[in-house]
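Undergrad: below: sequence and its predicted model.
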Amino acid sequence: MEQAIPLLILGLAAGVLSGMFGIGGGVVIVPVLVTLFSYELKPAVATSLGALLLPVGIFAVIEYYRAGKMKISVSAIIALGLIVGGWFGSQLALNLPVDTLQRLYGAFLLYAAWRFMEPRKWLADIRAGTKPVEVVGHETGASFISLLILGLGAGVVSGMFGVGGGIVIVPALVAFLKFDQKLAVGTSLGALLLPVGLGGVISYYQANMFNVRDSALIAAGLVVGALGGARLALGLPSTTVKRLYGIFLLFVGLRFLLQIG
């Protein structure tokens, strides 16, 4: 039990980022478990998914809902796709070599970092002396099928990498449905409230790669951290939140690519 406090702290930190960025928190949990807790990648993914089974973002979702930054109907449809996609993603991960999985993970995170940071626009803003502003999106309607496909894709990524799926959902909602950053974050967290990764967790459990105790400890930290992250994000301009997210993903993606060997 000497690792109980560090695991709680890990959950707390991941929860803050989850509440800020609408991710499940796995994008923090997985690399830290691998780097600091000597986990292999696949058990780290399994343990991360297990920690995200409980509604760890419930208090953060309440904060976004009260601020008018969550669409329940969109969250529900995406969640349905996540449940199915998570199982398929876990099957892909269990049958891929670890090095291949890490390269895919790292490359995916770098792509997401680029999309969120928008470095060319950021540089232009710096040159023009433009300060970050609150961007309000004018979201467009989306069909049931398109939202379900989004959930399926996010679920596959979740099952492969243990990241919860928000890392796909948020960029897609912003880019294709014109959600503002905070509305996308709140809606993503809402979709992740249900045990959408259950199929993936079962697959990893059957392969003896799931640590129940560590998942529970991380989940406890996630609950508190997500609330703090939500309040922090709601008080910042959306542009700032997006760029902070991009910087974070850049470092995590490089970490996974450089540690292959």
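TA: Good, I have the coordinates. Numbers count the residues shown, from 1 in each chain.
Undergrad: would you agree residue 157 is in contact with residue 88?
TA: No. Between residue 157 and residue 88 there is no contact under CB atoms under 8 Å: 10.4 Å. (Glycine included, C-beta is placed from N, CA and C.)
Undergrad: compare those two (neighbour count), which wins?
TA: residue 157 (26 against 17; other CB atoms under 10 Å).
Undergrad: quick one: which helix or strand includes the more buried one?
TA: Residue 157 is part of helix 144-161 when elements are defined by DSSP states H and E.
Undergrad: I'd like the average pLDDT over that helix.
TA: Across helix 144-161, the average pLDDT comes to 87.
Undergrad: any stretches of the chain with poor pLDDT?
TA: The model of the chain has pLDDT under 70 over residues 1, 98, 133-141, 259-261.
Undergrad: how near is the residue in it sticking out farthest from the centre to residue 99?
TA: With distances taken from the mean C-alpha point of the chain and given as CA atoms, centre = their mean, the most distant residue is residue 128, at 32.4 Å. According to CB to CB, to the nearest Å, residue 128 and residue 99 sit 43 Å apart.
Undergrad: which residues of the stretch 151-261 of the chain fall in helices?
TA: 166-176, 181-191, 198-206, 212-234, 238-258 (DSSP state H, counting those that start in this stretch).
Undergrad: name the stretch among those that sits most buried.
TA: helix 181-191 (a mean of 30; mean count of other CB atoms under 10 Å).
Undergrad: centre of the chain versus that helix, how much separation?
TA: Taking the mean of its C-alpha atoms, helix 181-191 sits 11 Å from the chain's own mean (CA atoms, centre = their mean, to the nearest Å).
Undergrad: what angle sits between it and helix 166-176?
TA: Here helix 181-191 points in a direction 140 degrees away from that of helix 166-176 (axes from the mean of the first three to the mean of the last three CA atoms, to 10 degrees).
Undergrad: now helix 181-191 against helix 144-161, angle please.
TA: Calculated by the same axes, to 10 degrees, helix 181-191 forms an angle of 70 degrees with helix 144-161.
Undergrad: identify the contacts common to residue 157 and residue 88.
TA: In terms of CB atoms under 8 Å, 6 or more residues apart in numbering, residue 157 and residue 88 are not both contacted by any residue.
Undergrad: thank you kindly, that will do.
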